[in-house]
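Visitor: sharing a model that was predicted from the sequence below.
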Amino acid sequence: MRIHFISIGGAVMHNMAIALHKKGYNVTGSDDEIYEPAKSRLDKYELLPKNFGWFEENITKDIDAIILGMHARKDNPEMLKAQELGLKIYSFPEYMYEQTKGKKRIVVGGSHGKTTTTAMILHVLNFWKIEFDYLVGSMLEGFETMVGFTETSKIAVVEGDEYLTSALDLRPKFHVYKADIGIITGIAWDHINVFPTYDFYFEQFKIFVENLPKDGTLIYCENDAEVKRLIENATIEAEKIPYQTPEFKVHEGIASILVNQKSINLKFFGTHNLQNMMAAKFACEKAGLSETQFYEGIQSFKGTTKRLETLYENENSLIIRDFAHAPSKLKATVNAVRELHPKRKLIAIYELHTFSSLNKDFLPQYNGSMESADVAAVYFSKHALEMKKMPMLLEDEVATNFGKGVQVFTEKDKLNAFIKAHYSSNENLLLMSSGTFDGMDLNFS
């Protein structure tokens with residue numbers, strides 16, 4: 001099978017390319033720029049394009065399938081040549097379905113918690129040496145790639161992002177995967193550049209749950225008011241399994257739950273992550289594991305990269321990095337760190353980085369999202385707004401929308417000085433961004 005990737009350097013795209021290469025496929029690809037770590041990882045498997053750019057001669061009649069990444073535009077020369085030759089063109093979600101359509105597909109959807117919930121399911125299945133195909137949005141301990149395929153597995157576990165499928169296909173990705181078992185962790189408006197109204201965004205989750213097969217299953221968080229509203233107003237013939245926050249306690253920075261009169265210590269924390277754990281538990285049970293097996297496996301789960309990831313720890317302090325960017329994710333992350341050490345001073349720093357977060361009309365959604373912190377600051381780059389060709393934000397309007405006490409910075413050196421003035425290795429420092437704070441050194445220990 002010969003496969004060609006247009007835009008092979010993307011986070012998921014290069015992982016899928018490696019996964020198909022390891023499966024024995026003849027894989028090639030192209031891109032106009034490829035950054036680390038994708039560059040080195042593709043080079044390791046001799047999949048790195050010899051020259052960067054788009055070249056019509058890459059597209060020949062003997063290609064069985066073209067996989068098109070989101071980075072490729074509608075006028076991409078290789079895509080146009082593929083269309084001219086009548087080649088089969090897939091988005092990566094479509095090809096993920098193509099690879100797994102004979103398997104039971106567990107698709108994890110929701111505005112927040114998708115990666116962690118998916119990772120929990122994968123961790124427990126892997127703990128019990130159950131074979132599966134998968135797609136997850138972060139590198140995980142024990143997994144070489146974010147995508148994996150096998151010839152003989154009967155289960156596929158997929159993180160179901162609601163963002164668009166490709167430049168040619170404007171469906172949300174999680175519609176394309178055609179779940180047998182669907183999970184909804186929560187609903188809170190995101191991706192304003194694609195879903196300009198909340199109702200339009202909400203409708204995508206309604207479509208997802210109503211498309212579940214009659215013999216399928218919906219696992220959903222009934223602690224989330226918007227998810228409950230969805231369930232009450234959608235026509236769902238599939239089995240419905242609600243889950244809630246389990247009873248838990250936190251002692252000396254360690255979260256534990258009580259299961260069948262036995263206390264189980266966990267290596268992760270936060271109310272939202274405990275909700276994610278319950279979603280993963282029901283999914284694993286649907287995959288054939290018992291409750292006892294699930295809890296035995298989940299005890300060794302440490303979390304995922306950039307999701308409540310500990311960068312530094314001593315007896316009196318934690319420095320934690322998190323991918324949080326949407327308002328609901330921000331609030332859940334700040335609250336999680338507050339729960340862990342309720343009496344310890346908490347410094348929370350957030351970077352506006354995504355199109356939604358830098359959109360003036362979306363800023364009111366952030367009101368109160370950092371109120372659990374003792375010290376809070378928001379950073380944004382004026383250069384990033386210029387590069388994205390977005391209207392300039394005013395520092396005062398950002399501060400007003402986030403709420404009382406939140407300070408705003410547009411220069412990373414001033415933000416760095418602010419953090420150093422407040423952090424003395426006796427506080428918890430939480431750094432939240434889907435970016436890099438413009439390359440700021442995050443070593444404050």
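Guide: It's in. Numbering: from 1, shown residues only.
Visitor: element containing the residue nearest the centre of the chain?
Guide: The centroid of the chain falls nearest to Thr115 when counting by C-alpha atoms, centre = their mean (4.4 Å). Thr115 is part of helix 114-127, with elements assigned from DSSP states H and E.
Visitor: show me where the chain has helices.
Guide: 11-22, 38-44, 77-85, 92-100, 114-127, 173-176, 198-210, 225-233, 271-286, 291-298, 327-340, 382-387, 395-402, 412-422 (DSSP state H).
Visitor: quick one: the nearest residue to Glu226 once chain neighbours are set aside from Gly109, how far?
Guide: Once flanking residues are discounted, Glu226 sits nearest to Ile187: 4.0 Å by C-beta to C-beta, 6 or more residues apart in numbering. In this view, the C-beta of every residue, glycine as well, is placed from N, C-alpha and C. Counting by C-beta to C-beta, to the nearest Å, the gap from Ile187 to Gly109 is 9 Å.
Visitor: anything in contact with each of those two?
Guide: With contacts defined as C-beta atoms under 8 Å, 6 or more residues apart in numbering, the residues shared by Ile187 and Gly109 are Phe205.
Visitor: hang on, the earlier thing: out of the helices of the chain, the one nearest Lys360 is which?
Guide: Distance to Lys360, taken as C-beta to C-beta, is lowest for helix 395-402 among these, at 7.1 Å.
Visitor: what helices or strands is the closest one leaning on?
Guide: The contact analysis (3 or more C-beta pairs under 8 Å, 6 or more residues apart in numbering; DSSP states H and E) places helix 395-402 against strand 375-379, strand 406-409.
Visitor: partners of the last one in the sheet?
Guide: Sheet neighbours of strand 406-409, with direction, are listed as strand 375-379 (parallel) (DSSP bridges).
Visitor: on that earlier part again, can you list the residues that contact the helix holding Thr115?
Guide: 106, 108, 110, 132, 134, 136-138, 140, 142-143, 155, 157-161, 183, 185, 273, 276-277, 279-280, 283-284, 287, 289, 293-294, 296-298, 300-301, 303-304, 307, 323.
Visitor: distance from the chain centre to that helix, please.
Guide: Put simply, helix 114-127 sits 13 Å off its chain's centre (C-alpha atoms, centre = their mean, to the nearest Å).
Visitor: then stretch 120-132?
Guide: That offset, for stretch 120-132, works out to 19 Å (C-alpha atoms, centre = their mean).
Visitor: buried stuff in it?
Guide: By 16 or more other C-beta atoms under 10 Å, the buried positions in stretch 120-132 come out as 120-127, 130, 132.
Visitor: next one: stretch 198-205
Guide: Neighbour counts over stretch 198-205 (16+ other C-beta under 10 Å) mark 201-202, 204-205 as buried.
Visitor: please apply the same query to stretch 52-72.
Guide: For stretch 52-72, burial by neighbour count (16+ other C-beta under 10 Å) applies to 54, 58-59, 63, 65-72.
Visitor: now, among those residues, which is nearest to Phe248?
Guide: For the buried residues of stretch 52-72, the closest approach to Phe248 (C-beta to C-beta) belongs to Met70, at 37.9 Å.
Visitor: distance of the closest residue to the closest one other than its chain neighbours relative to Thr115?
Guide: Nearest non-adjacent residue to Met70, counting by C-beta to C-beta, 6+ apart: Ser166, 5.9 Å away. Distance of Ser166 to Thr115, given as C-beta to C-beta: 21 Å.
Visitor: cool, Asn335 as well?
Guide: From Asn335 to Thr115 the distance is 18 Å (C-beta to C-beta).
Visitor: out of the buried residues of stretch 52-72, which sit inside strands?
Guide: Residues of the buried residues of stretch 52-72 located in strands (DSSP state E): 65-68.
Visitor: how about the worst-scoring helix or strand of the chain on mean pLDDT: buried residues?
Guide: Least confident element among the helices and strands of the chain, by mean pLDDT, DSSP states H and E: helix 382-387 (a mean of 88). By neighbour count on 16+ other C-beta under 10 Å, the buried set for helix 382-387 is 384-385.
Visitor: can I get the CA coordinates of that helix in CSV?
Guide: Below are the C-alpha coordinates for helix 382-387, written out as CSV (Å, rounded to 0.1, in the frame of the first residue of the first chain):
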residue,chain,number,x,y,z
LYS,A,382,1.3,42.1,20.3
HIS,A,383,3.5,40.5,17.6
ALA,A,384,1.3,37.4,17.6
LEU,A,385,-1.8,39.5,17.0
GLU,A,386,-0.1,41.2,14.0
MET,A,387,1.0,37.8,12.6
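Visitor: by contact count, what packs against that helix?
Guide: Using 3+ C-beta pairs under 8 Å, 6+ apart, no helix or strand is in contact with helix 382-387.
Visitor: now the residue nearest to Met70: how far from Ile67?
Guide: 9 Å.
Visitor: same check on Gln293?
Guide: Here the criterion is C-beta to C-beta. By it, Gln293 lies 36 Å from Ile67.
Visitor: circling back to that earlier point, as TSV, the helices and strands packed on helix 395-402 with mean pLDDT would be great.
Guide: What follows is the helices and strands packed on helix 395-402, written out as TSV (pLDDT from 0 to 100):
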stretch	mean pLDDT
strand 375-379	97
strand 406-409	97
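Visitor: looking at those strands, which one is packed in the most?
Guide: Looking across these with neighbours counted as mean count of other C-beta atoms under 10 Å, the highest average goes to strand 375-379: a mean of 24.
Visitor: what's the angle from it to helix 327-340?
Guide: Using axes from the mean of the first three to the mean of the last three C-alpha atoms, to 10 degrees, the inter-axis angle of strand 375-379 relative to helix 327-340 is 150 degrees.
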